[in-house]
Structure formats: C-alpha cells, structure tokens
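Novice: need the 3D shape of this:
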Amino acid sequence: MKYLLAEQEKEYLKQVDRLVKEVKYGTITIVIQDGKVIQIDKTEKIRLK
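Specialist: Presented below is the predicted three-dimensional model:
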C-alpha cells in the first residue's frame, strides 16, 4: 500500500529520522491529537561507566 504524504508530514518524518540518529540512549515521543502530530519530544539519557 502506498501513501501520499503532505510536505508537512515529510518534514516530521525527517525530524524524527534525525532525532533517531542523534540519540544513543533515550526516547523519542510523538504526540498526536485529532490525527495530527502536535509535538515531538526527545529525552536523552547519558550512561555513566
């Protein structure tokens, strides 16, 4: 199944992709309201050895 993405949706995906590559340990949370992305949170943890 193919999906046609709006430019804004493509930008959200680029941002999430960038965050995933940046975070070594942590979480990325995408908040959706009424079927639309309204917030992207990044929580990064630093591992102390």
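
Novice: low pLDDT regions in this protein?
Specialist: Scanning the chain for pLDDT under 70 picks out 1-2.

Novice: what helix or strand does the residue nearest the centre of it sit in?
Specialist: Nearest to the mean C-alpha position of the chain, by CA atoms, centre = their mean, lies Val16 at 3.0 Å. Remark: Val16 resides in helix 7-22, with elements defined by DSSP states H and E.

Novice: go through that helix and flag the buried ones.
Specialist: Buried residues in helix 7-22, counting neighbours by 16 or more other CB atoms under 10 Å, are found at 12, 19. C-beta coordinates here come from the backbone N, C-alpha and C atoms, glycine included.

Novice: what is that helix packed up against?
Specialist: Identification of packing neighbours for helix 7-22 by 3 or more CB pairs under 8 Å, 6 or more residues apart in numbering; DSSP states H and E yields strand 26-33, strand 36-44.

Novice: what's the shortest one packed up against?
Specialist: Using 3+ CB pairs under 8 Å, 6+ apart as the contact criterion, the secondary-structure elements in contact with strand 26-33 are helix 7-22, strand 36-44.

Novice: now these as a markdown table including distance to Thr29?
Specialist: Below are the helices and strands packed on strand 26-33 laid out as a markdown table (distance: least, CB to CB, whole Å):
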| stretch | distance to Thr29 |
| --- | --- |
| helix 7-22 | 10 |
| strand 36-44 | 4 |
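
Novice: the helices and strands packed on helix 7-22 into TSV, with extra columns for distance to Tyr12 and mean neighbour count?
Specialist: Below are the helices and strands packed on helix 7-22 laid out as TSV (distance: least, CB to CB, whole Å; neighbours: other CB atoms under 10 Å):
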stretch	distance to Tyr12	mean neighbour count
strand 26-33	8	11
strand 36-44	5	12
